[in-house]
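A.B. asks: Fold the following for me, if possible:
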Amino acid sequence: MAPLAPPPSASPRSRTVVPAALALALGLICGLILVGDLEAAGLFVSQKGRAFQPGNLAITRGETVTFVNDDSDLLHHAFVESDSFNFDSGDQEPGSRTPVVFTERGTFQVLCGIHPKMKLVVRVN
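C.D. replies: Here you go, the predicted model:
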């Protein structure tokens, strides 16, 4: 019986590709964890069944509110028009998320440009 030959040594290229791939994978995982933590820290407003849920919010100036279209087949279009603060989400496809930073203190009414009965009051302290 012939002795087994030792396995060929890894090529220089494979010695650099494997660590680079591992570093890339680790970076991707860390990035996903960070994004998840940032989203968890914010507030979410659901848009479903032609209603905002919750219907009232009290937040601190500078906080982010993410408007989520939770309907499976309806567009939504959240907006605020006031003398001190404005935003317009544009048409939101089902499943989309639109983050909005409330930069001014005051009480603002958020409306849907498609469904006029949808109303949300946001009090920014």
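A.B. asks: alpha carbons only for contacts and neighbour counts from here, please
C.D. replies: Fine.
A.B. asks: my read: Q53 touches S46, true?
C.D. replies: Yes. In this structure, Q53 is within contact of S46 by Cα atoms under 8 Å, at 5.1 Å.
A.B. asks: Give me the next element, helix or strand, following the helix or strand bottoming out on mean pLDDT in the chain.
C.D. replies: Every helix and strand of the chain was ranked by mean pLDDT, DSSP states H and E. The lowest is helix 12-41, at a mean of 50. Once helix 12-41 ends, the next helix or strand along the chain (criterion: DSSP states H and E) is strand 43-48.
A.B. asks: Identify all contacting residues around whichever helix or strand comes after that next one.
C.D. replies: Under the assignment DSSP H and E, the closest C-terminal helix or strand after strand 43-48 is strand 51-53. For strand 51-53, contacts defined as Cα atoms under 8 Å, 6 or more residues apart in numbering pick out V45, S46, Q47, K117, M118, K119, L120.
A.B. asks: Any chance of a markdown table for those residues, columns pLDDT?
C.D. replies: Shown next, in a markdown table, are the contacts of strand 51-53 (pLDDT from 0 to 100):
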| residue | pLDDT |
| --- | --- |
| V45 | 98 |
| S46 | 98 |
| Q47 | 98 |
| K117 | 95 |
| M118 | 97 |
| K119 | 97 |
| L120 | 98 |
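A.B. asks: so which of the residues you listed is the most crowded?
C.D. replies: Q47 (25 neighbours; other Cα atoms under 10 Å).
A.B. asks: Please name the bridge partners of N69.
C.D. replies: With DSSP bridges as the criterion, N69 is bridged to Q47.
A.B. asks: Can you tell me which of the contacts of strand 51-53 is nearest E93?
C.D. replies: The nearest member of the contacts of strand 51-53 to E93, counting by Cα to Cα, is Q47 at 11.0 Å.
A.B. asks: I'd say V100 and V65 touch.
C.D. replies: Yes. V100 sits in contact with V65 when judged by Cα under 8 Å, with a separation of 5.3 Å.
A.B. asks: Give me the more crowded residue out of these two.
C.D. replies: V65 (21 against 16).
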